[in-house]
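> build the 3D model from these lines:
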Amino acid sequence: MNRLAALLTGRTKIALVAGGIMWVVWAVGCALGSGNLDVTGQVIGADHTAFHTAAVLIADGQGTALYDFPDLATFRARQEEITGKPRFLNPFRNPPFYALLYVPTARLPHLASYAIWAVAGLFVLVAGLRLIHGPGFGRPLAWSLSFFPVFAAVSFGQNTLLSFGVFAVVYRLLADGRRFPAGLAAGLLLFKPQLLLGLGIWWAFDARRYWPSVAGVALTGLALGGVSWLVAPEETAAWVRHLPEIARYDAFEYYNLQNPRGFGALLTGEKAVGNWLGLIGLVLGVAFFVGVWRPHREDVPVLFAMAVFVTLWASPHTMTYEWALAVIPAVLLWDSRPEQQPTWLVLFAIAWVALFLSAPLAKAQVQTLGIAIQLSVPVMAFVGIRASRALRADQCSI
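Here you go, the predicted model:
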């Protein structure tokens with residue numbers, strides 16, 4: 001590791017240049033497009049259309065159409081009208097309370113709404129880094145912006161950076177010993193419940209200490225449910241009624257699914273195999289976290305870093321853009337274990353390259369061969385194992 005770190009020292013700025021080129025190429029492609037479409041004919045900020053369309057339908061009193069699975073006829077028609085792209089569909093699957101967040105921008109055109117939320121996400125990224133790293137977060141911010149999943153979160157129009165902000169608040173509260181408020185904040189992640197996986201494992205294994213956090217999540221969940229029933233009762237009833245169909249929905253591009261479930265489905269061409277491998281990955285993720293938790297029970301930065309990592313690796317629905325949350329463990333490990341920075345440098349470089357290349361390579365393989373190897377999954381497993389070994393070695397030297 002030290003030899004590789006020496007080789008990388010002074011050369012890592014190449015990644016910043018590559019990241020900058022990535023943003024420029026995307027911006028030029030958007031500018032050269034027409035209407036809501038970029039130069040390739042793809043909808044700019046395509047994933048934002050799910051949130052924007054949901055808000056538009058709620059504002060128009062047609063909110064129950066959000067969850068009319070599997071047909072989604074009204075939703076599809078409105079989304080085609082909003083984007084100007086025929087046969088375009090990006091469904092909304094989050095709980096109704098999350099759609100309410102986008103109602104203030106519902107009357108704006110798609111691009112205006114997307115731009116507002118993209119800028120808001122970047123502000124949240126900055127604020128989150130300030131909470132995690134402290135003052136002088138310029139370098140982590142630059143590296144974050146060069147990280148492909150962060151770029152994907154913004155360019156796809158996803159909400160991952162909002163989740164990033166919630167995680168940052170939860171970390172700061174836990175680091176300050178405020179477990180109940182941390183749970184209250186973590187409950188905001190219930191718009192994507194799978195994001196609570198790692199924290200849930202941690203708090204379950206240390207329930208005597210973290211039961212206030214669990215109580216906080218439950219209380220926030222009740223509050224959000226109450227808001228849904230009071231403000232959007234018909235939409236909430238429709239979401240509950242169609243929850244099985246929503247949970248089973250898998251009509252998305254599997255080359256963007258970067259977890260054991262996606263690995264198995266892409267490698268075999270069988271989604272059922274992917275589901276089983278995803279379950280195995282979950283079990284291994286729990287075992288991995290317990291292995292880290294036992295010698296580091298008092299070390300909040302390490303445990304939080306590993307909880308986020310396990311969430312990303314073992315969750316059943318970790319898309320490319322959700323790996324943007326990997327910035328959190330990277331910053332926490334770099335700051336809390338400076339003596340291991342040569343190791344972190346190598347591991348982070350490996351992860352940076354793998355997550356930059358994995359989805360495009362998987363897409364090309366699927367298009368040519370019908371199956372694919374999702375490179376990022378074994379690579380991130382390797383990164384996690386090597387990181388845990390470095391922490392173990394550091395613990396033994398104390």
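> any idea how far the closest residue in space to residue 108 that isn't next to it in sequence lies from residue 55?
Among residues not flanking residue 108 along the chain, residue 116 sits closest, at 7.4 Å (Cβ to Cβ, 6 or more residues apart in numbering). Any C-beta I mention is one placed from the backbone N, CA and C, and that applies to glycine too. Separation of residue 116 from residue 55 (Cβ to Cβ, to the nearest Å): 12 Å.
> what does residue 385 give?
42 Å.
> how about residue 265?
According to Cβ to Cβ, residue 265 and residue 55 sit 32 Å apart.
> residue 305 too?
From residue 305 to residue 55 the distance is 34 Å (Cβ to Cβ).
> quick one, what contacts the spatially most central residue of the chain?
Compute the mean C-alpha point of the chain, and by Cα atoms, centre = their mean the closest residue is residue 322, 2.1 Å away. Each residue near residue 322 by Cβ atoms under 8 Å, 6 or more residues apart in numbering is listed here: 149, 153, 158, 160, 163, 312, 315.
> report pLDDT for residue 247.
pLDDT recorded at residue 247 is 82.
> repeat that for residue 397.
50.
> do residue 10 as well
Looking at residue 10, its pLDDT is 61.
> please apply the same query to residue 63.
If you check residue 63, the pLDDT there is 87.
> mind checking the SS state of the closest residue to residue 33 other than its chain neighbours?
Excluding the flanking residues, the one nearest residue 33 by Cβ to Cβ, 6+ apart is residue 39, at 4.9 Å. Of the three states, residue 39 takes coil according to DSSP: H, G, I helix; E, B strand; the rest coil.
> ok, how many other residues are close to residue 39?
12 (other Cβ atoms under 10 Å).
> and it, what is it in contact with?
By Cβ under 8 Å, 6+ apart, the contact set of residue 39 is 28-30, 32-33.
> tell me the buried residues within those.
Burial by neighbour count, 16 or more other Cβ atoms under 10 Å: within those this picks out 30, 33.
> closest one of the contacts of residue 39 to residue 233?
The nearest member of the contacts of residue 39 to residue 233, counting by Cβ to Cβ, is residue 30 at 38.7 Å.
> so what touches the helix or strand harbouring that closest one?
Assigned by DSSP states H and E, residue 30 falls within helix 13-31. The contact list for helix 13-31 (Cβ under 8 Å, 6+ apart) reads 38-40, 44, 142-143, 145-148, 151, 155, 349, 352, 356.
> measure residue 164 to residue 144 for me?
9 Å.
> same question for residue 174.
Separation of residue 174 from residue 144 (Cβ to Cβ): 21 Å.
> with residue 318 instead?
Relative to residue 144, residue 318 is positioned 18 Å away (Cβ to Cβ).
> who has more neighbours, these two?
Taking neighbours as other Cβ under 10 Å, residue 318 and residue 144 compare with residue 318 leading, 29 against 26.
> please compute how far the longest helix seen in the chain lies from its chain's middle.
Across the chain, the longest stretch assigned as helix under DSSP state H is helix 341-369. Centroid separation between helix 341-369 and its chain, computed with Cα atoms, centre = their mean, to the nearest Å, is 16 Å.
> try stretch 251-268
Chain-centre distance of stretch 251-268: 16 Å, with Cα atoms, centre = their mean.
> quick one: contacts of that stretch?
For stretch 251-268, the surrounding residues in contact (Cβ under 8 Å, 6+ apart) are 270-271, 273-278, 280-282, 312-320, 323, 355, 358-359, 362-363, 365-366, 371-374, 376-378, 380.
> can you give me the distance of residue 370 to residue 273?
14 Å.
> for residue 286, that is, sorry about that
According to Cβ to Cβ, residue 286 and residue 273 sit 21 Å apart.
> and the gap between the closest residue to residue 45 other than its chain neighbours and residue 121?
Excluding the flanking residues, the one nearest residue 45 by Cβ to Cβ, 6+ apart is residue 157, at 3.1 Å. According to Cβ to Cβ, residue 157 and residue 121 sit 9 Å apart.
> how about residue 148?
Residue 148 sits 16 Å away from residue 121, going by Cβ to Cβ.
> same question, residue 29
Distance, residue 29 to residue 121, by Cβ to Cβ: 20 Å.
> now swap in residue 56 and tell me
20 Å.
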